[in-house]
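> How does the following fold in three dimensions:
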Amino acid sequence: MSHLYGFVFPSFTPHLEVPALRKPGRIDWIGAAEHCSVFVLLTTALNSSVPPQSWLSPTVIGLWATLGVALILYVVRQCFALSTTVENRILPAQYFQSKDMILLFICTSCGGAVEGVTIYLIPLFFSFTHGDSSTKVAVRFLPLVVVFVVSIIIAGAFLPLGIAACVFENAGVAALRNTLGGFEVSESDLISALSGTHSSLMSGEDPEVVGIVVGCVAHTVSRVFAMGIAGGALAICCSLLVDQRKLSAVRLVKG
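Numbers count the residues shown, from 1 in each chain. Model (predicted):
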């Protein structure tokens, strides 16, 4: 729905007295770079914290440590308006004083998380229940993907995708490793089993192994999909707590 916001929301320009050519100079460019860096580091750390990479590996530890430092610098600089002004900082901290703005932020985040988790898990569902190849799953899923990318990418939908992938791969490999402890299975076989039915474990001749893999993957999918259900429930609860009135953008900008 984000592509319709431009037609629904009223026009709002908080600084009419500033000429258009001078407005780029008032942007908190350092804050914008810090904002992007935090989310890029978070997505990279999540995508790197999956098997066969260990959580205790120097690469993963370095990524999470760098993310922590970048996040602290970003929050401190924005809260105290360092090398910028309260009016021009990229993170409008005054919004956190409004209960409704916080609740709306939670609802928006939950909506993006639910869509991200769903778009990650549905292809796995088709792969395991119908035995579809990657190409056939992509064809089935193409209409939803197009709509999803066009309408949600602006809202940062890649983050919930990264969280879902990290949780799914870590939980899935751990479950398969514990269940298949009595079999000679490599780490690469465990990882490939999570990507669909076209793996050495799923195409093997041992029906016991195939049954164990399907059961573990199905259980892992249900656990990850619970994130979407919890996100939807939280969004509903927060929406009920929002005051049923029009927000004053001028009051929020002025703090």
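> I'd like the mean pLDDT over stretch 124-132, please.
In this model, stretch 124-132 carries a mean pLDDT of 72.
> go on, stretch 193-211?
The model assigns stretch 193-211 a mean pLDDT of 73.
> That one: end-to-end distance?
12 Å (C-alpha to C-alpha, to the nearest Å).
> what about the helices in the stretch 151-255 of the chain?
When assigned using DSSP state H, counting those that start in this stretch, the helices of the stretch 151-255 of the chain occupy the ranges 158-179, 187-193, 207-241, 249-254.
> for the ones you listed, which one sits closest to residue 43?
helix 158-179 (4.7 Å; C-beta to C-beta). From N, CA and C alone the C-beta is placed, and that goes for glycine too.
> Save the helices of the stretch 151-255 of the chain as TSV, and put in mean neighbour count too.
Formatted as TSV, these follow (neighbours: other C-beta atoms under 10 Å):
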stretch	mean neighbour count
helix 158-179	19
helix 187-193	18
helix 207-241	16
helix 249-254	12
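> Save these as JSON lines, and put in distance to residue 26 too.
Putting the helices of the stretch 151-255 of the chain into JSON lines (distance: least, C-beta to C-beta, whole Å) gives the following:
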{"stretch": "helix 158-179", "distance to residue 26": "28"}
{"stretch": "helix 187-193", "distance to residue 26": "48"}
{"stretch": "helix 207-241", "distance to residue 26": "33"}
{"stretch": "helix 249-254", "distance to residue 26": "14"}
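> between the ones you listed, which has the poorest average model confidence?
helix 249-254 (a mean of 51).
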